[in-house]
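**Student:** Let's see this in three dimensions:
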Amino acid sequence: MLHLKSIAGFDELSSSLINEINRIGKIKVYPENSVAMDSDNTLKYFYIVIEGCIKVFQYNPDKNKEQTLYLLREKDFFDILTLLDENPHEVYTMALETSQVLELPIQNVRNWLHTNPAFNKAFFPYLSKQFREIEELAVDLSLYDTSTRLIKLLMKNLNNSVKNMPLLHKLSHEDIASLIGTARQVVSRQLQELKKEGIIDIQRKNIHLKNLNKLIDKVKY
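**Tutor:** Here you go, the predicted model:
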């Protein structure tokens, strides 16, 4: 039994649909630093992240450059684009830590979108949230310098962090650089500058916020 009701947004599903999801769903485990779901997988299956963190990114081999599109964490869905348009979504994925996902046959999920209002109630707000995040990424890459992008990323993660938990927990400087479209060396240098200004502290590569007001003052809109 997968206990889908424990995932936020699914508490209004009928018991019959919950039982069906638990019956046809399979748990997949991806070890740290392994490839997770690929485009062939997502033509057949839809995924709900149970735990862990999975990076979804694009990669240019000619320039050896990577751009992270988003991170999938607990309660996130993948792949919405393939679910809606039935076409392959050519992106790369990697588990940044050992991760578990619920794998569901994609055609069943499409049927629920057409027939189950409670499933839609959970699905479409998430769809809107993901579209907003992609739009925000495009705007940040176009309009803001790397320092501002880093600060905005730190502020965004304030809302998602647990009390006393490091910001951007378990993300390397290289992963952070990929999120904001820059190089690892740039991120390391800018984090050290924030540390010198007393805004953050860095202990064993974990980032802790020391002065929120100073961080907010540095955002350049």
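**Student:** what's the domain layout of the chain?
**Tutor:** The chain breaks down by automatic domain parsing into domains covering 4-132, 144-217.
**Student:** what helix or strand does Phe46 sit in?
**Tutor:** In this structure, Phe46 is located in strand 45-51 according to DSSP states H and E.
**Student:** close enough to count as contact, Leu71 and Lys55?
**Tutor:** Yes. With contact defined as C-beta atoms under 8 Å, Leu71 counts as touching Lys55 (5.8 Å). (C-beta placed from N, C-alpha, C; glycine too.)
**Student:** Give me the neighbour count for Val219.
**Tutor:** Residues near Val219, counting by other C-beta atoms under 10 Å, number 13.
**Student:** Could I get the full set of strands for this protein?
**Tutor:** For the chain, the strands defined by DSSP state E cover 26-30, 45-51, 54-60, 65-72, 77-78, 92-95, 99-105, 200-203, 206-209.
**Student:** so can I have JSON lines of the domains of the chain showing distance to Ala138 and mean pLDDT?
**Tutor:** Formatted as JSON lines, these follow (distance: least, C-beta to C-beta, whole Å; pLDDT from 0 to 100):
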{"stretch": "domain 4-132", "distance to Ala138": "10", "mean pLDDT": "89"}
{"stretch": "domain 144-217", "distance to Ala138": "10", "mean pLDDT": "82"}
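**Student:** can you list those domains in a markdown table and add mean neighbour count?
**Tutor:** Putting these into a markdown table (neighbours: other C-beta atoms under 10 Å) gives the following:
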| stretch | mean neighbour count |
| --- | --- |
| domain 4-132 | 16 |
| domain 144-217 | 16 |
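**Student:** Now do the contacts for Tyr45.
**Tutor:** By C-beta atoms under 8 Å, 6 or more residues apart in numbering, the contact set of Tyr45 is 37, 103-106.
**Student:** Distance check, it against Glu90.
**Tutor:** Here the distance between Tyr45 and Glu90 works out to 17 Å (C-beta to C-beta, to the nearest Å).
**Student:** Glu193 too?
**Tutor:** As judged by C-beta to C-beta, Glu193 and Glu90 stand 37 Å apart.
**Student:** cool, and Lys65?
**Tutor:** 16 Å.
**Student:** could you say what helices and strands the top helix by length along the chain packs with?
**Tutor:** Ordering each helix of the chain by length in residues (DSSP state H) puts helix 117-143 first. Applying 3 or more C-beta pairs under 8 Å, 6 or more residues apart in numbering; DSSP states H and E, one finds that helix 117-143 contacts strand 65-72, strand 77-78, helix 80-85, helix 106-115, helix 146-158.
**Student:** Give me the residues contacting the last one.
**Tutor:** This means helix 146-158. For helix 146-158, using C-beta under 8 Å, 6+ apart, the contacting residues are 140-141, 144, 167-168, 176, 179-182, 186-187, 190-191, 194, 200, 207, 209, 212, 215-216, 218-220.
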